[in-house]
Each structure stands twice: as C-alpha cells, then as structure tokens.
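Asker: this is a predicted model, with the sequence first.
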Amino acid sequence: MTNPLDPAADRRYRPDTGCAAMALQRGDSLVATAPPAERWLLIEVRTAWPRQAVAALPEVGAEVARRCAELGYRPVLIRRHGRPDHTAVRRYALADCRPGRESTRWGELPSDDHLLTVLDALAANTLDALPDLQAPSAEPVYLVCTHGRHDACCAVRGRPVAAALSGAYPDRTWECSHIGGDRFAGNVVVLPHALFYGQVTPARAVEVAKHHAENRVVPDLLRGSGAFSPPVQAAQHYARAAGHSLSVNALHPTHIRQLSNHHYKVTLTTTDPATSQVAVEVSVHFDRVDARLTCSGKAPVQVRRFALEGIELVGG
C-alpha cells in the first residue's frame, strides 16, 4: 500500500494521471502533430530497450544515429509482440514515405555491424548490391509504440494495441521504440505512408488497419502524415472535414505559401471531378498549458495549435 507521507508517492506512475490520460481529459487536439519522418530505418532488437533507443546497439548505435541524421532517415527499434523467436535471424527495413515513392524493403540483420554496411550502401546509392535486401513492397507495416522506458503511457496503452493488431495482422505488426507524442498513446504508425494515429484503442487499431486496406484514413484518430509539414497536415485535416477525399493518396500539396502573422495557404489536389484543387488557409497558435506533455516532463509548456481560416475550391 502506498504511504501518503512518502514524498516519492506523487511521482509514481498511475495510468489515470499519466500524460495520455490527462491529454484525453483536456481534449488535446491530434491535428498536425505528426513529426517529420519521410524515411525510416527499422532495426529489430529483441533485448530490452533503454530510454535512448539506439543505446541498445552498444557498439554501433552512435554511428548509426549520426549517419541516419546525415542521410535523412529516422532509426527506430522494432520487435514482435509477445515472446520473441531467438532462433530466427533478425531483420531490418528501409521505408521511403515520400509521396509517389512509398515502399518498404526488408533485409536480414546477422549482426549490428551490418547496419553500417546498409548505411554505406544508402550513401553510395548501391542498395541493390546488398544480397539480403528484398525488392520494394507497398504492403503496410503497423508500428505500435510500446517504449515504456521512454514513457510509461506508451507501454501501458500501446501493448494492448500491439496485441490486437498482432492477432489480426501478425506478419505486418511490430512494437516500436519512441516515435513522438507520448500524450497521444496508444500511438500507431502505418508505413510506408508515415500515417501517425493517436489515442488508438485495441478495437480501433483493427479499424485503422481495415480502413488502410481500403485505401482510406481514419480522420478522428489521424495525427497527420510524417511525409508532410505540419501546415500541410493541418490543411489536409480541414479539407477532409469539409468533405474531401479520405483516400490515403489524395490531398497532396501543390503549393505552400507562408503568409503574415503565422498564416499558411496550402493548395491540395482533389479527386473531385468538379474541381482540381482546394486551397486551405490555416493559422498556427501557441497556447500555454499548465500540464506535462510526457510523464517525465515539466509544466507549464507551450503547445502548437492550428485553426482553419478559410477554404475554397480552385480550378474546375
């Protein structure tokens, strides 16, 4: 039983007061909160993940992080949900989420050092010379953040989501290390489109996957696509809210104009036969919130919020 006189008692994690529970209570907006992530390096690591994920690769982690930063790749650790099969060869994957190039390539990872060989090939544009690397695939990959040592809410809310997705799509689902937005746990990323979903429950995780199979997003859970900047993510959200396409491959930006006073005008393609494009003007605001955005964070903080200023059809 917790001793109420213990000064450490208030700092112990409780699901009902964790950052994700409090964000739900506040009604924090998911809109345009996906971090930039156009290209990914997924690394299967079956041992425990430290708070800083790449530290799980003690001999090469720092070098992998440095090279990934240079090449514009996001390194993320992955593992299967449940008891791992230690007899199987580990895997890695390269995911390209740039519009029109969406694909994932899987390879075998016999040792951590092999990651440096892969990154050398990336830098030299000689990936096809790697004998272990498979051909590009558009098959979806579901990542569920369960990185408990980074934030307890990710583990508490993420693991049931990973269990549900693994039950329905065992070959496509992986637990993953920190991807950002702890307060929105459970967090799910769908590659190769870099679609970030937040506040996902086990039941709705399967819904996300089913909708993706039908080439549609689930707008009320969608944080945005990491392939696009936050103003574009916001414009896409408001275009969908106005009745434009929910297709995964629709509403791509053709023009982004930064206006005065933190306003942006974003022109997006549409699938509407009556028009060719939609122009969305959004504004960005910074709100002071007396809350912790992660379980280990400090308060108060500043939170970015987008608002719709106007939307109009362009062309015909």
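Answerer: Everything's here; your move. Numbering: from 1, shown residues only.

Asker: residue contacts, residue 232?
Answerer: 253, 256, 266, 268 (Cβ atoms under 8 Å, 6 or more residues apart in numbering). Every C-beta, even on glycine, is put in place using the N, C-alpha and C of the backbone.

Asker: isn't the second one right up against residue 263?
Answerer: So that's residue 256. No - the pair residue 256 / residue 263 is not scored as a contact, 11.7 Å apart, by Cβ atoms under 8 Å.

Asker: tell me where the stretch 51-200 of the chain has strands.
Answerer: Under the criterion DSSP state E, counting those that start in this stretch, the stretch 51-200 of the chain contains strands at 74-79, 90-96, 103-109, 141-145, 173-176, 188-191, 195-197.

Asker: now do the same end-to-end measure for stretch 238-251.
Answerer: 11 Å (Cα to Cα, to the nearest Å).

Asker: can you pull out the strands in the stretch 201-316 of the chain?
Answerer: 222-225, 253-258, 263-269, 277-289, 301-314.

Asker: contacts for the third one, please.
Answerer: Yep, that's strand 263-269 we're talking about. 231-232, 234-236, 239, 244, 250-259, 276-284, 309, 314.

Asker: now a ChimeraX select for only the buried ones of those residues.
Answerer: Of the contacts of strand 263-269, the buried ones can be selected in ChimeraX as follows, counting by 16 or more other Cβ atoms under 10 Å:
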select :231,232,234,235,236,239,244,250,251,252,253,277,278,279,280,281,282,283,284
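
Asker: residue 185: what's it in contact with?
Answerer: 19, 20, 145, 151, 153, 154, 156, 157, 158, 198, 199.

Asker: just curious, which of those residues is nearest to residue 68?
Answerer: The nearest member of the contacts of residue 185 to residue 68, counting by Cβ to Cβ, is residue 145 at 18.2 Å.

Asker: so how far is residue 265 from that closest one?
Answerer: According to Cβ to Cβ, to the nearest Å, residue 145 and residue 265 sit 33 Å apart.

Asker: the two: which is more packed in?
Answerer: Remark: of residue 145 and residue 265, residue 145 carries more neighbours, 32 against 18, as counted by other Cβ atoms under 10 Å.

Asker: contacting residues for that one?
Answerer: Taking Cβ under 8 Å, 6+ apart as the test, what residue 145 contacts is 154, 158, 175, 176, 177, 178, 179, 185, 186, 187, 188, 189.
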